[in-house]
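S.K.: next comes the sequence, and after it the predicted model I'd like to discuss.
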Amino acid sequence: MGKVHVLDHPLIQHKLTYIRDKQTGTKEFRELVDEVAMLMAFEITRNLPLQEKTIETPVMEAQTKVLAGKKIGLIPILRAGLGMVDGMLKLIPAARVGHVGLYRDPETLQPHEYYIKLPSDIADRELIVIDPMLATGGSANDAIHSLKKRGAKQIRLMCLVAAPEGVEVIQNAHPDVDIFLGALDEKLNDHGYIIPGLGDAGDRLYGTK
Ligand SMILES: O=P(O)(O)OC[C@H]1O[C@H](OP(=O)(O)OP(=O)(O)O)[C@H](O)[C@@H]1O
Ligand SMILES: O=c1cc[nH]c(=O)[nH]1
Ligand SMILES: [Mg+2]
């Protein structure tokens with residue numbers, strides 16, 4: 001069963017409060033999502049492998065460490081996942097970015113895939129699927145299936161806010177996928193929205209309500 005990590009760093013939790021606040025406008029919402037994504041990238045990369053390197057400081061030779069060059073792929077689920085990409089790339093600039101376009105039908109809550117474009121070497125990369133919201137879990141489940149069908153082997157899922165219902169769907173369908181969250185909320189409402197949640201992430205990011 002995939003592990004669930006709630007990233008409870010105080011800066012993440014502080015910024016998440018203002019992301020949730022309905023008074024926060026589009027510009028500030030976008031900036032906060034960008035900042036939280038960067039902070040979450042810091043936490044999610046904790047286990048990256050290091051290798052020894054010998055360098056010359058101005059004083060003497062020293063044995064130090066550098067990243068061992070693990071290849072990473074960021075996979076935002078369009079559209080809302082796009083809001084988290086730049087923040088993550090600030091810390092992981094060498095990552096390749098693949099896009100999965102999905103929208104959730106507002107009546108049936110079923111996801112529909114409309115676009116996919118991935119780096120050619122996804123099988124060799126550690127992939128981080130990014131979406132602010134994990135609600136019923138249908139969209140993330142579909143995206144992960146799509147990636148596996150195309151050869152992906154190592155996948156993690158990163159979301160700002162999740163409902164327990166969505167977490168359960170991913171854990172059952174993809175026990176190999178660890179889940180990294182800013183917060184695990186209470187439940188879904190009758191329209192499939194996370195409560196207390198933050199509303200519609202895509203609409204709040206792009207001002208489309
Ligand atoms: O877990 P689920 O029940 O599938 O819901 C979560 C999905 O819904 C939202 O996307 P939406 O369909 O609103 O598309 P958008 O990003 O284009 O707004 C959100 O960004 C997730 O992708
Ligand atoms: O609460 C929710 C659920 C799905 N999609 C969102 O953007 N918000
Ligand atoms: Mg939306």
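M.R.: Here it is on my side, so go on. Model, not experiment: these values are computed from the prediction. Ligands and ions are numbered 1, 2, ... in the order given.

S.K.: need the residues of this protein near ligand 3, please.
M.R.: 200, 202 (C-beta under 5 Å from the ion). (Glycine included, C-beta is placed from N, CA and C.)

S.K.: mind listing the helices for the chain?
M.R.: 10-20, 26-44, 85-91, 138-149, 164-173, 201-206 (DSSP state H).

S.K.: using JSON lines, lay out these together with mean neighbour count and mean pLDDT.
M.R.: Formatted as JSON lines, the helices of the chain follow (neighbours: other C-beta atoms under 10 Å; pLDDT from 0 to 100):
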{"stretch": "helix 10-20", "mean neighbour count": "16", "mean pLDDT": "98"}
{"stretch": "helix 26-44", "mean neighbour count": "20", "mean pLDDT": "98"}
{"stretch": "helix 85-91", "mean neighbour count": "18", "mean pLDDT": "98"}
{"stretch": "helix 138-149", "mean neighbour count": "21", "mean pLDDT": "98"}
{"stretch": "helix 164-173", "mean neighbour count": "18", "mean pLDDT": "98"}
{"stretch": "helix 201-206", "mean neighbour count": "20", "mean pLDDT": "98"}
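
S.K.: want to throw those helices into JSON lines with distance to Tyr115?
M.R.: Shown next, in JSON lines, are those (distance: least, C-beta to C-beta, whole Å):
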{"stretch": "helix 10-20", "distance to Tyr115": "26"}
{"stretch": "helix 26-44", "distance to Tyr115": "21"}
{"stretch": "helix 85-91", "distance to Tyr115": "15"}
{"stretch": "helix 138-149", "distance to Tyr115": "11"}
{"stretch": "helix 164-173", "distance to Tyr115": "21"}
{"stretch": "helix 201-206", "distance to Tyr115": "14"}
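
S.K.: out of the ones you listed, which comes closest to Ile194?
M.R.: Taking C-beta to C-beta, helix 164-173 is the member of the helices of the chain nearest to Ile194, at 8.1 Å.

S.K.: so Gly199 touches Tyr193, yeah?
M.R.: Yes - look at Gly199 against Tyr193 with C-beta atoms under 8 Å: they come within range, at 7.4 Å.

S.K.: put the alpha carbons of stretch 99-119 into PDB.
M.R.: As requested, the backbone C-alpha atoms of stretch 99-119 are provided in PDB (Å, rounded to 0.1, in the frame of the first residue of the first chain):
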ATOM      1  CA  HIS A  99       1.400  16.900 -19.700                       C
ATOM      2  CA  VAL A 100      -1.800  14.900 -19.200                       C
ATOM      3  CA  GLY A 101      -5.000  16.800 -20.100                       C
ATOM      4  CA  LEU A 102      -8.100  15.600 -18.200                       C
ATOM      5  CA  TYR A 103     -11.300  17.200 -17.200                       C
ATOM      6  CA  ARG A 104     -13.900  15.900 -14.800                       C
ATOM      7  CA  ASP A 105     -17.500  15.800 -16.100                       C
ATOM      8  CA  PRO A 106     -19.400  18.000 -13.600                       C
ATOM      9  CA  GLU A 107     -22.500  15.600 -13.700                       C
ATOM     10  CA  THR A 108     -20.900  12.100 -13.700                       C
ATOM     11  CA  LEU A 109     -17.600  13.200 -12.000                       C
ATOM     12  CA  GLN A 110     -15.900  10.900 -14.500                       C
ATOM     13  CA  PRO A 111     -12.500  12.000 -15.900                       C
ATOM     14  CA  HIS A 112     -12.100  12.500 -19.700                       C
ATOM     15  CA  GLU A 113      -8.600  12.500 -21.200                       C
ATOM     16  CA  TYR A 114      -8.100  15.100 -24.000                       C
ATOM     17  CA  TYR A 115      -4.400  15.400 -24.300                       C
ATOM     18  CA  ILE A 116      -1.200  13.600 -23.500                       C
ATOM     19  CA  LYS A 117       2.500  14.400 -24.300                       C
ATOM     20  CA  LEU A 118       5.300  12.800 -22.400                       C
ATOM     21  CA  PRO A 119       9.100  12.700 -22.400                       C
END
